[in-house]
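Asks: Give me a 3D structure for the following:
(2 chains)
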Amino acid sequence: MHGKRRTISKVPTQIAGLDEILEGGLPRGRTSLVCGGPGSGKTVLGLEFLCRGAMAGDPGVFVTFEERAEAVRMNAMSMGWDLGALEKAGKIAIVEARLSGDEVLSGDFDIQGLLTIVGGHAARIRARRVVMDALDVLLRVYNDRHRERIELSRLHDWLTDQGLTSVLSVKTYRDDNEGSQYEFLDFMADCVIRLDHRVVGQVATRRLRVIKYRGSGFGTNEYPYVIGHCGIVLFPLTQAELNHQPLGPKMSSGLKGLDVMLDGGLRRTSCILVSGNSGTGKTTLASTFAQAACRRGERVLCLNFEESKEALISGMLSAGIDLRPSIRARKLMVQTALPESTGSDGHLIRAIEALDFFKPDHLIIDAISACLRMGSGQAAFDFMMRLISAVKERGITSILTNQVSGLIGSDEELSGIGFSSVVDAVIQLRFIETDQEVNRQIFIVKSRGSAHSNRRQSFIITDRGIEFPDHSQPPSVQTRRTGRKDGGK
Amino acid sequence: MSKSLQGKQRTRNGQRGHYLLRLFTAGNGPNSKKALANLRCLCQEHLKGRCTIETVDVVKDFQAAVRDNILVTPALILVAPRPRVTVLGNLSDLPTVLAALRLSGSES
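Replies: Coordinates of the predicted model:
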């Protein structure tokens, strides 16, 4: 006997994020249960598990109790999975196990017929996975809980005897006395996953939770997921520790005057918040940075929640910043979205897809204040935390603009949506009124791991960009360093 | 593999009023035996001389189960006369089975 702990064998689902939560995948040769309300994505999860397995050479049988086989094929095709081709290749078998509903019941019966059909197909294609979708529909024919249980045990035993890794899906309703109808299934199955589809602040959100996993650890939180155009995507923040990259060396902000104020420039991999009222020049500052970075040959992704790409380009042209060459050179990518168009999960998946596709060195989000329109403050917070975490893990610099309300933004608003702990530097822009005119001022509120000026510096926006006219008074650098020298986390 | 129980039960085949019944069972379990016994008894009583019973063991012939979409066993299909009717179970509830087979009024 070895003292070493035995870990159970698992089958990776290859569903983005799910294997991290399940610490490797579903239990091999055992039964897992997926339950959730209508439209929560049970079928997609099952299909994806099967299709990804089949494409990797692990054949499987899909048993549908509710939908027609043709509907299942179309459903899969919309996610880019060609079931028809996989069927022809003998990698997938679809069993349409629908009772017509007009059968007459007389005396005792069992699901041996179903097991025979599934077993026959499984043997034919040497299946190792089985997905039974909407099992509750079949169970309805019993109309008797005791008999349902007996049949489910029979099914469970049979699946286990066959050594099949199986996923059973069952429809459940939350506010229903029958919510516990399939409770015993929870006991029977080795792994239970619950999908929840709810509406918060008029925006639909989906949450996945693993209820149990016999013989294995698992992520215990509720995880947001989206059903994208290629399946289910989850964003687990499963790691207990933060895997953020440390702050990198300094780089130019694109403005000499600002670089002096920042004791040499902005630090790479840092998260920089540019805060200010409407019209103070936040987008101009961010675009100046983008242009300078692109000229250095670096890549910048700009997520714009406020204006169209064309509006951004023409707006910046009037300030003497021509973004078009950078876009043409594929150094700058502008991705626009209306915050209301989808939930924060949808925005997150789009943003992360863009990060992984474009692989930028820097990310600009204009403006995080608009993210509040994704539904609620919590939604915006979730979006920002997860996105900034993803950005920091990838070692990408982020510049977030934040529009504050009121003529002079209060300090509470500086940190935007309340995630100041991940913000490394805060640059404040504001209007200053004198007798005759309103001028702009820039001020470094904080700059982690770097010295910075403590002066409010006037600047103007000309048709040649941002300029610091006050040359007689070069901005001084505060010698006291704020924050930790190593840049913290 | 299916076999037809023909012989004395099968007379005047093809004539109007002739019944073709297909019984699906799974192996030799108690429900399979009960269903077959119940069906034979029913035919003897109500369909004497005008029915054919076809039995299919789905364990031996899963394609037959696929063809007729037999998910639960025992299952009885009234193939003819039309319309087709499916009765699930071991057929222990005689009045229900008779009603399903449209034989309720044919006591004789």
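Asks: C-alpha from now on. contacts and neighbour counts both.
Replies: Will do.
Asks: Give me the distance from stretch A:298-312 to the chain's centre.
Replies: Computed by CA atoms, centre = their mean, to the nearest Å, the chain-centroid distance of stretch A:298-312 equals 20 Å.
Asks: can you pull out the helices in the chain?
Replies: Defaulting to chain A. A:18-21, A:42-55, A:69-77, A:83-88, A:112-125, A:135-139, A:145-161, A:183-188, A:256-261, A:282-295, A:309-318, A:324-328, A:344-358, A:377-393 (DSSP state H).
Asks: you looked at the wrong chain, it should be chain B
Replies: Using DSSP H, helices in chain B cover B:30-46, B:62-67, B:94-100.
Asks: so can I have a markdown table of those helices showing distance to chain A, mean pLDDT and mean neighbour count?
Replies: As requested, the helices of chain B are exported to a markdown table (distance: least, CA to the nearest CA, whole Å; pLDDT from 0 to 100; neighbours: other CA atoms under 10 Å in any protein chain shown):
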| stretch | distance to chain A | mean pLDDT | mean neighbour count |
| --- | --- | --- | --- |
| helix B:30-46 | 7 | 89 | 17 |
| helix B:62-67 | 6 | 86 | 19 |
| helix B:94-100 | 7 | 87 | 17 |
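Asks: The helices of chain A into TSV, with extra columns for distance to chain B?
Replies: Shown next, in TSV, are these (distance: least, CA to the nearest CA, whole Å):
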stretch	distance to chain B
helix A:18-21	32
helix A:42-55	20
helix A:69-77	13
helix A:83-88	16
helix A:112-125	4
helix A:135-139	9
helix A:145-161	10
helix A:183-188	20
helix A:256-261	74
helix A:282-295	62
helix A:309-318	56
helix A:324-328	58
helix A:344-358	40
helix A:377-393	45
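Asks: that older thread, for A:Ser389, which of the helices of chain B is the nearest?
Replies: Closest to A:Ser389 of the helices of chain B, according to CA to CA: helix B:62-67, at 51.3 Å.
Asks: Output stretch A:430-445 as PDB, restricted to C-alpha atoms.
Replies: C-alpha atoms of stretch A:430-445 as PDB (Å, rounded to 0.1, in the frame of the first residue of the first chain):
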ATOM      1  CA  ARG A 430     -10.000  68.100 -15.500                       C
ATOM      2  CA  PHE A 431     -11.200  71.500 -16.500                       C
ATOM      3  CA  ILE A 432     -10.000  74.500 -14.500                       C
ATOM      4  CA  GLU A 433     -11.900  77.700 -14.700                       C
ATOM      5  CA  THR A 434     -10.200  81.100 -14.600                       C
ATOM      6  CA  ASP A 435     -11.700  84.500 -15.100                       C
ATOM      7  CA  GLN A 436     -11.900  84.300 -18.800                       C
ATOM      8  CA  GLU A 437     -11.400  80.800 -19.900                       C
ATOM      9  CA  VAL A 438     -11.600  77.100 -19.100                       C
ATOM     10  CA  ASN A 439      -8.400  75.200 -19.300                       C
ATOM     11  CA  ARG A 440      -7.400  71.600 -19.100                       C
ATOM     12  CA  GLN A 441      -5.200  70.100 -16.400                       C
ATOM     13  CA  ILE A 442      -3.600  66.800 -16.000                       C
ATOM     14  CA  PHE A 443      -2.600  65.300 -12.600                       C
ATOM     15  CA  ILE A 444      -1.100  61.900 -11.700                       C
ATOM     16  CA  VAL A 445      -3.100  60.700  -8.700                       C
END
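Asks: in it, what's buried?
Replies: A:430-431, A:440-445 (16 or more other CA atoms under 10 Å in any protein chain shown).
Asks: Pass me the low-pLDDT residue ranges in chain B, would you?
Replies: Across chain B, the ranges flagged by pLDDT under 70 are B:1-16, B:105-108.
Asks: do that again at 90, thanks
Replies: Within chain B, the set of residues satisfying pLDDT under 90 comprises B:1-19, B:26-31, B:41-51, B:58-73, B:80-84, B:89-90, B:92-108.
Asks: need the residues of it near chain A, please.
Replies: Listed as neighbours of chain A in chain B under the rule CA under 8 Å from any CA of the partner chain: B:25-26, B:31, B:58-59, B:62-63, B:65-66, B:69-74, B:85-94, B:96-97, B:100.
Asks: quick one: the spatially most central residue of chain B and chain A, what's the gap?
Replies: The centroid of chain B falls nearest to B:Leu21 when counting by CA atoms, centre = their mean (3.7 Å). The spacing between B:Leu21 and chain A, counted by CA to the nearest CA, to the nearest Å, is 15 Å.
Asks: Does A:Leu45 touch A:Ile232 like I think?
Replies: Yes: between A:Leu45 and A:Ile232 a contact is recorded at 6.7 Å, counting by CA atoms under 8 Å.
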